[in-house]
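Enquirer: can you look at this prediction? I've put the sequence above it.
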Amino acid sequence: MSSNYKDLQLEDEKVFKDPVHSYVHVTDQVIWDLIKTKEFQRLRRIKQLGTLYFAFPSAEHSRFTHSLGVYEIVRKIVENFSQYDEWDNDDRILALSAALLHDVGHGPFSHSFEQIFNTDHEMYTKEIILGNTEINSVLKRVSEDFPEEVASVISHTHKNKLVVSMISSQIDADRMDYLQRDSYFTGVEYGKFDIDRLLRVMIPSKNEVLIKESGMHAVEDYLMSRYQMYWQIYFHPVSRGGEVLLTLIFKRAKELYESGYEFKQPPKYLIPFFEDRETVHDYLILDETIMNFYLQEWTGEMDDVLSELADRFVNRKLFKFVPFYDGFLTKLEFETLFEKAGIDPEYNLFTDRYSDMPYDYDRPGSKRQPIHLLKKNGEIREISEVSEIIEAITGLHRKDAKLYYPKEKVLNIKDDTIRTKILNLLNELS
């Protein structure tokens, strides 16, 4: 992986003003050329937080700014690591490229899109890096096998486990950026932690990033910030209500397409996905501009189900929700009552389930790499063995679920007996 291009520096440093890191600095020609590719520029048109803007109106930032932020954190880490013998500076461009490109395969509405069309952004990231793309052409200028190296870092298979852990682990640059960035743009305090302190206490080892023992409390702060962000922000039921509508909208659109329905606005760019034959080219065409165009157009479709769901999404007429616990009441009870009331439960009832583990490590049943502390005497310890705070949340698997429904339709049920039964069941859940 040795070439003049790999080491080529810009004549003048490029900087991006950033509210989280103050500035993002670019000095390498490789990185600058990757940023200018059309595949990377597409990330400007992909929101970082999908439908979270329904709950937090300022959460409009993009995968583009997040990717630059992850790159900047790795740039700082590499700069700090240069003083240690364990770090091979020949891997500098590999780490920076992987950091910059780690999310290039995200689709519109991010994780919602993956659930709707059964796609995998990591798979598409790899295909974009390895395929006939501008990104691939830039990477090949470093060396013929450099695209494979970058892709293997992102897919966690590269032989350099240290570089992999910088991009993807339980304390990686990706999480450090999105927690701070999402906290800033949602206007909350939960995701804030002392990132400068964390970067100072990170040191390289052969297989992973280690944390100096003196930095243990900074890691505690970081993990608790992550825990709060997931349960207060990322799992916000209003945002997930937007995802519920998206799921139902595209389910209905695909069903109509398969039945031969003639759309007023044919979903040209979605047909490959409806037919499960999409290519990387089809995937890269899609962004949230196109998706929002279809959603807007579908508010005027002749099909009442699709037009109503699209109108709900476009104009934020979200379903109401109640907590939903298995074993207490079953969804079947609601479905039966909805059918008796003449309301189609397939497009008017949705159970959304989610869970998270704030910290876990490589014990039976876990695939997560642990966070290790380097003690002053040179001993390496898994962090929950030392921190009582982290021990308390280790392996904690918190789950929740919500039942979404159109409240106004329930209130308008003409049969008093059925309406009362539904409302009583909903009150029991509430």
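Expert: Nice, I can see it. Numbering: from 1, shown residues only.

Enquirer: show me what the longest strand along the chain is packed against.
Expert: In terms of residue count, the longest strand belonging to the chain (DSSP state E) is strand 9-18. Counting contacts by 3 or more CB pairs under 8 Å, 6 or more residues apart in numbering; DSSP states H and E, strand 9-18 packs against strand 22-28, helix 29-35, helix 63-81. C-beta coordinates here come from the backbone N, C-alpha and C atoms, glycine included.

Enquirer: pull the distance from the helix or strand following the last one to the chain's centre.
Expert: In other words, helix 63-81. Next helix or strand after helix 63-81 toward the C-terminus (DSSP states H and E): helix 92-101. Centroid displacement of helix 92-101 relative to its chain, using CA atoms, centre = their mean, to the nearest Å, is 19 Å.

Enquirer: please apply the same query to stretch 204-224.
Expert: For stretch 204-224, the separation from the chain centroid amounts to 23 Å (computed by CA atoms, centre = their mean).

Enquirer: with mean pLDDT as extra columns, can I get the helices and strands packed on strand 9-18 in JSON lines?
Expert: Formatted as JSON lines, the helices and strands packed on strand 9-18 follow (pLDDT from 0 to 100):
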{"stretch": "strand 22-28", "mean pLDDT": "98"}
{"stretch": "helix 29-35", "mean pLDDT": "98"}
{"stretch": "helix 63-81", "mean pLDDT": "98"}
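
Enquirer: my read: residue 97 touches residue 151, true?
Expert: No. Counting by CB atoms under 8 Å, residue 97 sits too far from residue 151 to count as a contact (10.2 Å).

Enquirer: the more surrounded of these two?
Expert: Higher neighbour count among residue 97 and residue 151: residue 97, with 27 against 22, using other CB atoms under 10 Å.

Enquirer: skipping its backbone neighbours, what lies nearest the more buried one in space?
Expert: The shortest distance from residue 97 to any non-neighbouring residue, by CB to CB, 6 or more residues apart in numbering, is to residue 150 (5.0 Å).

Enquirer: okay, that neighbour and residue 35: tell me how far apart.
Expert: To residue 35, residue 150 is 15 Å away according to CB to CB, to the nearest Å.

Enquirer: between these two, which one's more packed in?
Expert: The residue with more neighbours, out of residue 150 and residue 35, is residue 150; 30 against 20, by other CB under 10 Å.

Enquirer: between the helix or strand encompassing that one and helix 92-101, how big is the angle?
Expert: Using DSSP H and E, residue 150 falls within helix 146-154. Angle of helix 146-154 versus helix 92-101, following axes from the mean of the first three to the mean of the last three CA atoms, to 10 degrees, is 70 degrees.

Enquirer: what sits against the nearest residue to residue 68 once chain neighbours are set aside?
Expert: Excluding its sequence neighbours, the residue lying closest to residue 68 (CB to CB, 6+ apart) is residue 24, at 4.8 Å. Contacts for residue 24 (CB atoms under 8 Å, 6 or more residues apart in numbering) come out as 15, 16, 18, 68, 69, 71, 72.

Enquirer: pLDDT score for residue 2?
Expert: In this model, residue 2 is scored at 46, pLDDT.

Enquirer: now residue 130
Expert: Residue 130 is assigned 98 on the pLDDT scale.

Enquirer: give me phi/psi at it?
Expert: phi -100, psi -10 (degrees, to the nearest 10).

Enquirer: same check, this time on residue 384
Expert: Dihedral angles for residue 384 - degrees, to the nearest 10 - are phi -70, psi -20.

Enquirer: I'd guessed residue 73 sits against residue 198; true?
Expert: No. Contact criterion CB under 8 Å: residue 73 and residue 198 do not qualify, at 9.5 Å.

Enquirer: what do the two both touch?
Expert: residue 176.

Enquirer: tell me which of these two has more neighbours.
Expert: Per other CB under 10 Å, whichever of residue 73 and residue 198 has more neighbours is residue 73, with 24 against 19.

Enquirer: could you check how far the more buried one is from residue 389?
Expert: 24 Å.

Enquirer: which residues are contacting the lowest-mean-pLDDT helix or strand in the chain?
Expert: Within the chain, no helix or strand scores below helix 111-117, which has a mean of 81 by mean pLDDT, DSSP states H and E. Residues from elsewhere that reach helix 111-117, judged by CB under 8 Å, 6+ apart: 50-51, 107, 119-121, 242-243, 246-247, 250-251, 273, 278.
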